[in-house]
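**Q** Mind folding the following:
(one chain, ligands or ions: 4)
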Amino acid sequence: MPPKRFPALVAGLAGALAAAVAGAALTPGAAHAGAGTATATVFAPNPVQQLGLQDLTDAKDADLPEFGPAYTQVTLTDLDGSGTLTGRYVRVKSTTGPAAKVSGGAFPAYHRDADQFEQIMGYHWVTTAQHYIQSLGFGGTLRPVNQRQIELRIGQYGGDNSFFRDDKANITLGKGGVDDGEDAEVIVHEYGHSVQDGQVPGFGTTLESGAIGEAFGDYLAVAVSSWATGTPTRTDEACVADWDSVSYTSAPHCLRRLDGTKHYPEDVRGEVHADGEIWSRALWDIRRALGDRKASTLIIEAQFAFAPDTTFKAAAEATVTAARRLYGASAASAVTKAFGDRGIL
Ligand SMILES: [Ca+2]
Ligand SMILES: [Ca+2]
Ligand SMILES: [Ca+2]
Ligand SMILES: [Zn+2]
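**A** Numbers count the residues shown, from 1 in each chain. Ligands and ions are numbered 1, 2, ... in the order given. Sure, this is the predicted structure:
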């Protein structure tokens with residue numbers, strides 16, 4: 001388990017605290033001091049990864065007994081005290097079903113067959129992803145990254161259409177197959193697009209920059225999953241969205257992987273998600289070489305220098321530069337090797 005980040009407040013206290021801090025200006029540090037909290041129930045990160053069961057199926061959103069051990073109680077943080085899923089980093093809007101509502105300092109223990117479950121998931125995993133980024137020093141010793149309130153919408157149709165959206169800060173989750181909001185790695189992938197847009201407004205206007213966007217979302221999904229829920233994992237750590245993908249892949253179920261062998265330029269297919277696997281493997285290798293903390297820090301720091309229409313080569317060079325500036329020559333050479341192995345540098 002990672003270091004404890006969520007203070008274990010008793011439920012009764014949480015409501016009082018939420019009221020006390022409502023409207024107060026929260027500093028990033030205050031997010032960890034228990035401001036605006038409530039307990040809730042989530043998957044962490046998803047039932048396939050948690051249980052190691054590749055034969056789980058959506059079963060039309062049924063709350064079958066095998067999901068039981070995957071339900072995990074967490075403390076939602078950074079809530080604004082209104083009793084809804086509105087907080088410092090995200091506000092949740094659902095067009096399907098009723099809105100989740102606090103009762104006595106806690107959200108009811110919604111399960112996957114309730115629309116509110118995906119709302120809670122969305123709130124929790126966006127906030128957790130922002131906490132992960134802050135844990136690296138962003139907003140402290142390093143510049144803030146995407147420390148704004150985004151909107152997370154849940155609708156019948158959503159899907160991964162961020163490449164075509166004009167409001168890239170925000171997230172839309174759909175309900176095709178397994179509800180997208182039941183898999184933390186889908187939520188954090190989408191938040192990855194928001195993060196990059198926060199760093200470089202309008203990022204991802206070309207095939208290669210778009211592929212970098214998909215790759216970073218996948219990388220962030222895995223990094224946040226591991227940070228929040230621990231390793232080793234019961235499915236391959238490099239597997240993204242083990243649960244959402246059960247309805248469209250064969251076992252082991254992965255939407256995409258970080259440890260593929262695609263090489264530039266011969267494996268380019270002209271599709272951002274497919275080509276993103278070239279870039280994400282380089283990020284994965286950087287993480288294996290330098291560890292999660294250094295890798296994620298330099299990868300995110302480098303993105304500030306990316307042009308909205310960057311090429312793989314220019315972005316890789318910016319990443320090497322960030323590695324050298326933050327961690328010196330040996331880190332820079334590890335990053336150069338990772339991109340070199342993919343044919344990018
Ligand atoms: Ca559901
Ligand atoms: Ca889905
Ligand atoms: Ca996973
Ligand atoms: Zn995407």
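**Q** Which of the helices or strands spans residue 151?
**A** Assigned by DSSP states H and E, residue 151 falls within strand 150-154.
**Q** what about that strand and ligand 2, any contact?
**A** No. Judged by CB under 5 Å from the ion, strand 150-154 stays clear of ligand 2, getting no closer than 11.4 Å. Placement of C-beta: from N, CA and C, glycine included.
**Q** And the next helix or strand past the longest helix seen in the chain?
**A** If you go by DSSP state H, the chain has its longest helix at helix 207-229. Proceeding N to C from helix 207-229, the next assigned helix or strand is strand 239-240, under DSSP H and E.
**Q** Show me what that next one pairs with in its sheet, parallel or antiparallel.
**A** Neighbouring strands of strand 239-240 in its sheet, by DSSP bridges, are strand 256-257 (antiparallel).
**Q** now the angle between helix 207-229 and whichever helix or strand comes after the partner strand, please.
**A** The helix or strand immediately downstream of strand 256-257 is helix 272-290, counting by DSSP H and E. Angle of helix 272-290 versus helix 207-229, following axes from the mean of the first three to the mean of the last three CA atoms, to 10 degrees, is 50 degrees.
**Q** So which bits of helix 272-290 are buried?
**A** Buried residues in helix 272-290, counted by 16 or more other CB atoms under 10 Å: 272-287, 289-290.
**Q** just so I have it, where are all the helices in this protein?
**A** 11-21, 47-51, 115-135, 184-199, 207-229, 272-290, 292-303, 312-327, 329-341.
**Q** follow-up on the earlier one: contacts for the strand holding residue 151?
**A** With CB atoms under 8 Å, 6 or more residues apart in numbering as the test, strand 150-154 has contacts from 89-96, 115, 118-119, 122-123, 126, 169-175, 180-181, 187, 191, 194.
**Q** Got the phi and psi for residue 238?
**A** phi -70, psi 0 (degrees, to the nearest 10).
**Q** wait, it sits on residue 259?
**A** Yes. Using CB atoms under 8 Å, residue 238 is in contact with residue 259, at 3.9 Å.
**Q** shared neighbours of those two, which are they?
**A** residue 284.
**Q** These two: which is more packed in?
**A** Applying other CB atoms under 10 Å to residue 238 and residue 259 shows that residue 238 carries more neighbours, namely 19 against 16.
**Q** roughly how far apart are that one and residue 229?
**A** The gap separating residue 238 from residue 229 is 15 Å, by CB to CB, to the nearest Å.
**Q** now do residue 281
**A** Noted for residue 281: a distance of 23 Å to residue 229, by CB to CB.
**Q** Residue 230: how many residues sit nearby?
**A** By the criterion of other CB under 10 Å, residue 230 has 11 neighbours.
**Q** still on that earlier bit, if you count neighbours, what's buried in the strand holding residue 151?
**A** For strand 150-154, the neighbour count (16+ other CB under 10 Å) marks 150, 152-154 as buried.
**Q** cool, and stretch 222-238?
**A** Neighbour-count burial for stretch 222-238, with 16+ other CB under 10 Å as criterion, is recorded at 222-229, 233, 235-238.
**Q** Also near ligand 3: which of the residues you listed, exactly?
**A** Answer for the buried residues of stretch 222-238 near ligand 3: none qualify (CB under 5 Å from the ion).
**Q** Looking at the residues you listed, spot the one nearest residue 198.
**A** Taking CB to CB as the measure, residue 198 lies nearest residue 224 of these, at 15.8 Å.
**Q** Next, find the distance separating that closest one from residue 57.
**A** Here the criterion is CB to CB. By it, residue 224 lies 25 Å from residue 57.
**Q** Give me the neighbour count for the residue nearest to residue 225 when sequence neighbours are not counted.
**A** Spatial nearest neighbour of residue 225, chain neighbours left out: residue 45 (4.2 Å); criterion: CB to CB, 6 or more residues apart in numbering. If you count neighbours by other CB under 10 Å, residue 45 ends up with 30.
**Q** if I pick residue 45, what's in contact with it?
**A** By CB under 8 Å, 6+ apart, residue 45 lies in contact with 125, 183-185, 224-225, 228-229.
**Q** ok, those vs residue 66, which is closest?
**A** Nearest member of these to residue 66, counting by CB to CB, is residue 183, at 16.2 Å.
**Q** tell me the contacts of the closest one?
**A** Applying CB under 8 Å, 6+ apart to residue 183 gives the contacts 43, 45-46, 241-244.
**Q** Could you do residue 278 as well?
**A** 211, 215, 262-264, 267-268, 312, 342-344.
**Q** which of those residues are buried?
**A** For the contacts of residue 278, buried by 16+ other CB under 10 Å: 211, 215, 262, 264, 268, 312, 342-344.
**Q** Spatially nearest residue to residue 184 (excluding sequence neighbours)?
**A** Counting by CB to CB, 6+ apart, residue 184 lies nearest to residue 45, which is 3.5 Å off, once chain neighbours are set aside.
**Q** go on, residue 113?
**A** Excluding the flanking residues, the one nearest residue 113 by CB to CB, 6+ apart is residue 63, at 4.3 Å.
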